[in-house]
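S.K.: structural data only, the sequence is not supplied:
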């Protein structure tokens, strides 16, 4: 991915349009909706697009008065045609940022390149650890003492790209994957709206593959303490 080293430019007006892609319950979508409802927020969620027609996140969007649309991959002959249709729908809303919030589809290089530098994702691990699925169980089985979540710019490689911010949480000896997932998810709801706001305010730059906040090293290693 070629991410511009220039600042992520904030819009000249008071709104910053984004489109959010989901596949499931949409709890991170809800955190973004809640954050955008702050009177001081410039975030304008133009649309929510789901790969799953039964995603609960669509109901969250409807309740918030946000346009929701389903793009079911089963309706397309291949991944390229699906991504091409998805690009056309996203671009119709003219977003300055595309947000993956539990979007369970591997995107083509063409899609990622189209939104290079303005496509972000959240992953429930401390990347580069545990890309892919079952991150919490893998952390427990590996005997890790901490886990967390990562917001990052998206590159064609799965769960890869310059890290914007990470949240760290402890792993307790008695944890199962569900308990750890709940602890991590709580922090996802904090760091994802924060990263989106930084981008909208033009505070992020990427230099030599590293994200800077206000020209300084971002909060990549910020730790959020959490009691069990």
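M.R.: Cool, the structure landed. These numbers were taken from a predicted model, which means no experiment stands behind them.
S.K.: so the residue nearest the centre of the chain versus residue 37, what's the distance?
M.R.: For the chain, the residue nearest the mean C-alpha position is residue 121 (2.9 Å; CA atoms, centre = their mean). Distance, residue 121 to residue 37, using CB to CB, to the nearest Å: 23 Å. To be clear about C-beta, it is placed using only N, CA and C from the backbone, and glycine gets the same treatment.
S.K.: now residue 99
M.R.: 16 Å.
S.K.: how many neighbours does residue 177 have?
M.R.: 15 (other CB atoms under 10 Å).
S.K.: next up, the contacts around it.
M.R.: For residue 177, the contacting residues are 134, 136, 137, 140, by CB atoms under 8 Å, 6 or more residues apart in numbering.
S.K.: among the residues you listed, who's most crowded?
M.R.: Among the contacts of residue 177, residue 136 has the most neighbours (other CB under 10 Å), with 24 neighbours.
S.K.: element containing that one, please.
M.R.: helix 135-141 (DSSP states H and E).
S.K.: now residue 149
M.R.: Secondary structure from DSSP H and E places residue 149 in strand 146-153.
S.K.: next one: that strand to chain centre, how far?
M.R.: 10 Å (CA atoms, centre = their mean, to the nearest Å).
S.K.: for stretch 92-105, same thing?
M.R.: For stretch 92-105, the separation from the chain centroid amounts to 8 Å (computed by CA atoms, centre = their mean).
S.K.: let me see the mean pLDDT of that stretch.
M.R.: Per-residue pLDDT values across stretch 92-105 average out to 97.
S.K.: with stretch 55-73 instead?
M.R.: Computed over stretch 55-73, the average pLDDT equals 97.
S.K.: same question for stretch 30-40.
M.R.: Rounded mean pLDDT across stretch 30-40 is 96.
S.K.: go through it and flag the buried ones.
M.R.: The neighbour-count check on stretch 30-40 (16 or more other CB atoms under 10 Å) flags 30, 31, 32, 33, 35, 36 as buried.
S.K.: swap in stretch 78-96?
M.R.: Buried, per 16+ other CB under 10 Å, within stretch 78-96: 82, 83, 86, 87, 90, 93, 95, 96.
S.K.: in this structure, where's the longest helix?
M.R.: Counting by DSSP state H, the longest helix found in the chain is helix 177-200.
S.K.: dump the residue contacts of the residue lying closest to residue 108 once chain neighbours are set aside.
M.R.: Nearest non-adjacent residue to residue 108, counting by CB to CB, 6 or more residues apart in numbering: residue 83, 4.6 Å away. Residues in contact with residue 83 (CB under 8 Å, 6+ apart) are 107, 108, 110, 111.
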